[in-house]
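Undergrad: Attaching a predicted model along with its sequence, questions to come.
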Amino acid sequence: MRKIIFLTILSLALRLTSLANLEVYFMYATFNSPSGSYLETYMSIIGNSAVFSPTEDGKFQSKIEVTMIFKQDGKIFDFNKYIIESPIIENLEQQKPNFIDLQRISIPNGNYKFEMIIKDLNDPNNKSYFLNDIINIDYNSAEMKFSDFQLIESITPTKNQNILSKGGYDLTPYISNFYPNNINSLSFYIELYNSDKKIEGEFLVKYYIESFETGKINEKTARFKKFSTASIIPIIGDLNISDLSTGNYYLVVEAVDRENNTLQKTKFFFQRSLGNINIEEFADLLSKFDIRNSFSGYMENKDSLMLYVSCLRPIANQDERNFIDYRLKAAKVDDLQNFFVQFWLKRNNVDPNSLWVKYKEQVDFVDKYYRTPINRGFQTDRGRVYLQYGAPDSKYISKHEPSAYPYEIWTYHRVGNENNRKFIFYNPHIAGEEYELLHSDLTGEVKTPNWERVLQKRNNTLYDHDVKNADDSWGSRAAEEYRKK
């Protein structure tokens, strides 16, 4: 059975483990301030997994060495090395306490390769545990934007300022995005920047939970707060999730104006489980999972694994896409196996292979019909949309209109909580099958306001981008088909 060396429990919640069973949970979030942007790191060490050694007074304590390295263009930009000390215990027979660490690191905007090395200084085997990730920080003084989320385990008023203090409260971080059945509230901290430069007066911040698969809002969880504009607005939210069924969800926070128009919006992926399994048990399930017996395919061949992981991108969340986009090529076989197992276990921890088999059938389908000499089917725009949203309810295909490039209009009666959404693909090369997504009215997809003129480019100039409609062209049905209900 293959041991999980490094695993991502959920999105940015990372657990490091080894044969020595040291368990470390790690998350991070980026924020901005008048003095510049910064990174917060949150770490929890499971006490029973650490080695406690005698202190000078005959008691016992664990010491964990942490090294954080930030690199840009292959060069070290910043370096931080420190030791985390556990609470002291009287003897080794008593329960070893878990202990946490929070760091704030000033770091300017940019893309960084983040490397972390963790070592239990009391471990006689002297083993090290490694984590690698890509961190992007992008704040400016004019853009209205949310910070990352900090999940919260407990909130207490600040009596003496300390590393946990924010906005008058001490916020103990919750270092996972897995919520078992014994946790019935989801608390979070987030900041909104530069609202005073975009709007005037008061506005609302709404927060709620929506289904990961369908986008449907859970109305029971919806809450809102009224704020006056400011350069930085701290927001603490708490949602009751006692009625939330087992599944995958987004925590959503959005700022809206008086007309209920969305000004800024952000999401955070999490999982809810009403089973008896807790975080440690879920991690143990992953660590004991045998990929060779549980999934069909060439699960020990790196080329096959890279292909299997790549084809998951259309249905992956943003953090999973970051792994596929930035870390796939450098990943080892173990990393690829771990990612693949976790991806499907998060979606079905009873029979993950059944979901993979069904999805693989769809991947094979788009590869058959949309593959080109350049791209596999799932890498094309049509293949990606098919895998992400399913088969369209209707298609209009045009290859021989006299003034237009070859194009297809796909219609979906419902996607998430949106109705009658269209996708327009076109082939500006005319020859071959390299269709590109030109325009869609679905939230989050490509928007091209003057798509009619682009589609009819052979008979239309594009010098005036304020003109959206094409010139009257004989034989064109694109606008008619697009507007058809």
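TA: Nice, thanks for sending it over.
Undergrad: can I see the domain layout of the chain?
TA: The chain breaks down into these domains under automatic domain parsing: 1-139, 289-377, 392-483.
Undergrad: lowest-confidence stretch among the ones you listed?
TA: The weakest mean pLDDT among these belongs to domain 392-483, with a mean of 79.
Undergrad: And for residue 102, nearest residue in space, chain neighbours not counted?
TA: Among residues not flanking residue 102 along the chain, residue 163 sits closest, at 5.2 Å (CB to CB, 6 or more residues apart in numbering). No exception for glycine: its C-beta is placed from N, CA and C like everyone else's.
Undergrad: What of residue 421?
TA: Using CB to CB, 6+ apart and skipping residues adjacent in sequence, the residue nearest residue 421 is residue 442, 4.3 Å away.
Undergrad: Tell me how far that neighbour lies from residue 305.
TA: Applying CB to CB, to the nearest Å, the value for residue 442 to residue 305 is 31 Å.
Undergrad: Among those two, which residue is more densely surrounded?
TA: Between residue 442 and residue 305, counting by other CB atoms under 10 Å, residue 305 is the more crowded of the two (24 against 16).
Undergrad: and the more buried one, what does it touch?
TA: 298-299, 333, 336-337, 340 (CB atoms under 8 Å, 6 or more residues apart in numbering).
Undergrad: Can you show me the helices along the protein?
TA: 279-287, 291-294, 302-310, 318-326, 333-345, 352-370, 381-389, 451-455, 478-483 (DSSP state H).
Undergrad: which of those helices sits most buried?
TA: helix 451-455 (a mean of 22; mean count of other CB atoms under 10 Å).
Undergrad: Output the contacting helices and strands for that one.
TA: Helix 451-455 is packed against strand 418-426, strand 436-440, helix 478-483, with contacts defined by 3 or more CB pairs under 8 Å, 6 or more residues apart in numbering; DSSP states H and E.
Undergrad: Would you format the ones you listed as JSON lines with distance to residue 235 included?
TA: Output for the helices and strands packed on helix 451-455, formatted as JSON lines (distance: least, CB to CB, whole Å):
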{"stretch": "strand 418-426", "distance to residue 235": "26"}
{"stretch": "strand 436-440", "distance to residue 235": "31"}
{"stretch": "helix 478-483", "distance to residue 235": "39"}
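Undergrad: Looking at those, which is nearest to residue 250?
TA: strand 418-426 (15.2 Å; CB to CB).
Undergrad: And the contacts of the closest one?
TA: Residues contacting strand 418-426 (CB under 8 Å, 6+ apart): 215, 381-382, 385, 392, 404-415, 435-443, 445, 451, 454-455, 478, 482, 485.
Undergrad: contacting residues around residue 219?
TA: Residue 219 touches residue 208, counting by CB under 8 Å, 6+ apart.
Undergrad: Also the one 4 residues further on?
TA: Residue 223 is in contact with 206-208, 237, 239, counting by CB under 8 Å, 6+ apart.
Undergrad: mind putting the residues you listed in TSV, neighbour count, pLDDT and distance to residue 171 included?
TA: Below are the contacts of residue 223 laid out as TSV (neighbours: other CB atoms under 10 Å; pLDDT from 0 to 100; distance: CB to CB, whole Å):
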residue	neighbour count	pLDDT	distance to residue 171
206	18	96	21
207	21	96	16
208	19	96	21
237	20	94	12
239	19	95	16
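Undergrad: Between those, which sits nearest residue 93?
TA: Using CB to CB, those come closest to residue 93 at residue 239, 39.9 Å.
Undergrad: pretty sure the closest one contacts residue 207?
TA: Yes: counting by CB atoms under 8 Å, residue 239 touches residue 207, with 7.1 Å between them.
Undergrad: what's the overlap in contacts for the two?
TA: 223, 251.
Undergrad: now the end-to-end length of stretch 304-324.
TA: In stretch 304-324, first residue to last residue: 14 Å (CA to CA, to the nearest Å).
Undergrad: got a list of what the nearest residue to residue 352 once chain neighbours are set aside touches?
TA: Distances taken as CB to CB, 6+ apart place residue 344 nearest to residue 352, at 3.6 Å, with adjacent residues excluded. By CB under 8 Å, 6+ apart, the contact list for residue 344 reads 295, 352-353, 355-356.
Undergrad: sorry, back to before: which of the domains of the chain sits closest to residue 264?
TA: Nearest to residue 264, of all those, is domain 1-139, at 12.8 Å by CB to CB.
Undergrad: From the chain's centroid, how far away is the closest one?
TA: Relative to the centre of its chain, domain 1-139 is centred 20 Å away, using CA atoms, centre = their mean, to the nearest Å.
Undergrad: same question, stretch 334-345
TA: Centre-to-centre, stretch 334-345 and its host chain are 16 Å apart (CA atoms, centre = their mean).
Undergrad: repeat for stretch 121-141
TA: Using CA atoms, centre = their mean, the offset of stretch 121-141 from its chain centre is 18 Å.
Undergrad: Buried residues in that stretch, which are they?
TA: 122-123, 129, 131, 133, 137, 139 (16 or more other CB atoms under 10 Å).
Undergrad: With stretch 253-272 instead?
TA: 253-256, 263-264, 266-272.
Undergrad: Just the endpoints, please. Distance across it?
TA: Terminal residues of stretch 253-272 are spaced 18 Å apart (CA to CA).
Undergrad: Isn't residue 32 up against residue 139?
TA: Yes: shown here, residue 32 and residue 139 form a contact pair, counting by CB under 8 Å, at 4.1 Å.
Undergrad: what touches both of those two?
TA: With CB under 8 Å, 6+ apart as the test, residue 32 and residue 139 both reach residue 193.
Undergrad: circling back: narrow the contacts of strand 418-426 to those that are buried.
TA: If we count by 16+ other CB under 10 Å, the contacts of strand 418-426 have these buried: 215, 381-382, 385, 392, 404-412, 415, 435, 437-440, 442, 445, 451, 454-455, 478, 482.
Undergrad: CSV for the buried residues of stretch 121-141, including distance to residue 81?
TA: Compiled in CSV, the buried residues of stretch 121-141 are given as follows (distance: CB to CB, whole Å):
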residue, distance to residue 81
122, 17
123, 17
129, 15
131, 15
133, 18
137, 21
139, 27
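Undergrad: Looking at those, which one is closest to residue 83?
TA: Distances from residue 83 to those, taken by CB to CB, are shortest for residue 122, at 11.3 Å.
Undergrad: Thank you, goodbye.
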